[in-house]
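[1] Mind folding the following:
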Amino acid sequence: MDLRREAGQRTRDALQMAALELLAQRGQGGLTLREITDLAGANVAAVSYHFGSLKALCDEAIEHALERYLDSQIQALSSLGPDSTLQEIAAAFAGPMMDALAARGQDLAVMRTVARVGIDPPQGWERLADKFDQIRSQVLQRLTPHLTGVDDQELIFRTRCAAGLLNWLVLAPIGAELALMPAEQIERQLVAVVAGAFRGAPTVTDLD
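    Numbers count the residues shown, from 1 in each chain. Below is the predicted model:
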């Protein structure tokens, strides 16, 4: 029984990973059951057995990708100390995306899926609202000391812009270019951009 359970879990994981890789390439449009099962090395009946339908498999794969991304981001932000610099906050926020770009392979497929659904949110997005709220709260708490005079709504807007920038970047041709760079160069390039999105344009007072 244990061996059968383990084999079943391996098949389930393989189907989910295959779905993620194909979703990362082009989203759900035109995705077929046969493509997923061929990539996973499984039979079509396995999808019905483990997930019920192609849509249910894709939905679960997307939710898995989102949760994995959000949990990594929450962990990175939680590890920051009270005196973290703006660059350190930006590095923690962009950390999961930078790690995926450096690792490539399956990790990058997960991040590309996250990026696609971030641009076009799926049904059930609300189930993850608490995690999004937790991330925004952590970012606000750490950015506020660096950006006195900027209200919470403006900081939330900047945080959402930074997230949107990362989503676009990992899907755009420049994301493929970044994935070819060493991890240190990826971090140097992205942290400056995300920190700039958090900081915003200097005001007249800042320039005086």
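[2] I'd like the distance from stretch 65-85 to the chain centre, please.
    12 Å (Cα atoms, centre = their mean, to the nearest Å).
[3] Buried residues of it, list them for me.
    Residues of stretch 65-85 classed as buried: 65-66, 68-70, 72-74, 76-77, 80, 84 (neighbour count, 16 or more other Cβ atoms under 10 Å). The way it works is simple: take the backbone N, C-alpha and C, and place the C-beta from them, glycine included.
[4] For that stretch, give me every contacting residue.
    Defining contact as Cβ atoms under 8 Å, 6 or more residues apart in numbering, one finds that stretch 65-85 is touched by 20, 88-89, 92-93, 95-96, 99, 110-111, 113-114, 117, 128, 131-132, 134-135, 138-139, 142, 146.
[5] Show the contacting residues for the closest residue to L143 other than its chain neighbours.
    Distance criterion Cβ to Cβ, 6 or more residues apart in numbering; nearest residue to L143, sequence neighbours excluded, is L155 at 5.5 Å. Shown in contact with L155 (Cβ under 8 Å, 6+ apart): 139-140, 143-144, 147, 198.
[6] please redo it, this time with the cut-off set to 7 Å
    Contact analysis of L155 by Cβ atoms under 7 Å, 6 or more residues apart in numbering lists 140, 143, 147.
[7] hey, C-alpha coordinates of the helix or strand that contains it in PDB?
    In this structure, L155 is located in helix 152-171 according to DSSP states H and E. These are the backbone C-alpha positions of helix 152-171, laid out as PDB (Å, rounded to 0.1, in the frame of the first residue of the first chain):
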ATOM      1  CA  ASP A 152       0.100  53.700   2.900                       C
ATOM      2  CA  GLN A 153      -2.000  53.800  -0.200                       C
ATOM      3  CA  GLU A 154       0.900  55.200  -2.200                       C
ATOM      4  CA  LEU A 155       3.300  52.500  -0.800                       C
ATOM      5  CA  ILE A 156       0.800  49.800  -1.600                       C
ATOM      6  CA  PHE A 157       0.500  51.200  -5.200                       C
ATOM      7  CA  ARG A 158       4.300  51.100  -5.500                       C
ATOM      8  CA  THR A 159       4.500  47.600  -4.200                       C
ATOM      9  CA  ARG A 160       1.900  46.400  -6.700                       C
ATOM     10  CA  CYS A 161       3.800  48.200  -9.500                       C
ATOM     11  CA  ALA A 162       7.000  46.400  -8.400                       C
ATOM     12  CA  ALA A 163       5.200  43.000  -8.400                       C
ATOM     13  CA  GLY A 164       3.800  43.800 -11.900                       C
ATOM     14  CA  LEU A 165       7.200  44.700 -13.200                       C
ATOM     15  CA  LEU A 166       8.600  41.400 -12.000                       C
ATOM     16  CA  ASN A 167       5.700  39.500 -13.600                       C
ATOM     17  CA  TRP A 168       6.200  41.300 -16.900                       C
ATOM     18  CA  LEU A 169      10.000  40.900 -16.800                       C
ATOM     19  CA  VAL A 170      10.100  37.100 -16.400                       C
ATOM     20  CA  LEU A 171       7.800  36.700 -19.400                       C
END
